[in-house]
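Engineer: Got a sequence here, can you build the structure:
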Amino acid sequence: MATKILMIEDEPGLIVTVGDRLEAEGYIFESSTNGIDGEEKALTGNYDLIILDVMLPGKDGFYICKSIRSSGLLVPILMLTALGQVADKVLGLKMGADDYLAKPFDMSELLARIEALLRRAEASAQAIDTYQKKPGSNLSIDLKRGFIITDDKEYSLSAQEIKLLDYFYRHEDTIISREELLNTVWGYDSDITTRTIDVHVARLRQKMGDVKDVSKYIHTIRGIGYKFTRP
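Structural biologist: Here you go, the predicted model:
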């Protein structure tokens, strides 16, 4: 089945240019020129990837990105930002975007970003399908639904927490540096410090009930990063 991509962008010329190239590459391409229609399509269209501009009439890209993630959809989101607008990049990534690309961009770079995001999404989907609760455990992790259940209490996971936990599962008992997590899970060379990783790990530990002096699941490797042990 062909990959389905939605572009939410208010520049008709850019939509035509990108659409023609993506269709030539074999993708199914759909578009929207405003935030209201774009949000509805993103939430209901079952897309494999969304290209999302920041500045849009009706609703901006940040709002749409947050809405997509709040709905539980893990579809990869590539945000388009104005050249040099670091604040836009940072905010978009905090809202749940997977990557960003500054305008004007080269078409070959856009294609490379799309291919990388699709590969990562496919690997994550395959890994998520394999998770099961260990018999007798008081901890159940359901990445497909985006929940952790600890001692019969249910906690929802953010999109980024799901990606981080998924990466831990796929690299169980391997020491992973903070830089590797930032570049692979977040998927960009960011101005955000690796402190971002520590904050997300602390939240996961809290939800997993892994907050004692000696961690059972997510182990800190001082000066390097983390190592994950499956519950």
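
Engineer: since we're on residue 169, how many residues are nearby?
Structural biologist: Neighbour count of residue 169, defined by other C-beta atoms under 10 Å: 17. Where you see a C-beta, it was placed from the backbone N, CA and C, and this is true even at glycine.

Engineer: again, but for residue 196
Structural biologist: Using other C-beta under 10 Å: residue 196 sits among 19 other residues.

Engineer: In PDB, list the C-alpha atoms belonging to the helix or strand harbouring residue 160.
Structural biologist: Residue 160 is part of helix 159-170 when elements are defined by DSSP states H and E. Extracted in PDB, the C-alpha atoms of helix 159-170 (Å, rounded to 0.1, in the frame of the first residue of the first chain):
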ATOM      1  CA  ALA A 159       4.000  11.000  22.400                       C
ATOM      2  CA  GLN A 160       7.600  11.700  23.200                       C
ATOM      3  CA  GLU A 161       7.500   9.400  26.300                       C
ATOM      4  CA  ILE A 162       6.100   6.600  24.100                       C
ATOM      5  CA  LYS A 163       9.000   7.100  21.600                       C
ATOM      6  CA  LEU A 164      11.600   7.200  24.400                       C
ATOM      7  CA  LEU A 165      10.300   4.000  26.000                       C
ATOM      8  CA  ASP A 166      10.000   2.300  22.700                       C
ATOM      9  CA  TYR A 167      13.700   3.100  22.000                       C
ATOM     10  CA  PHE A 168      14.600   1.700  25.400                       C
ATOM     11  CA  TYR A 169      12.800  -1.500  24.700                       C
ATOM     12  CA  ARG A 170      14.500  -1.900  21.300                       C
END
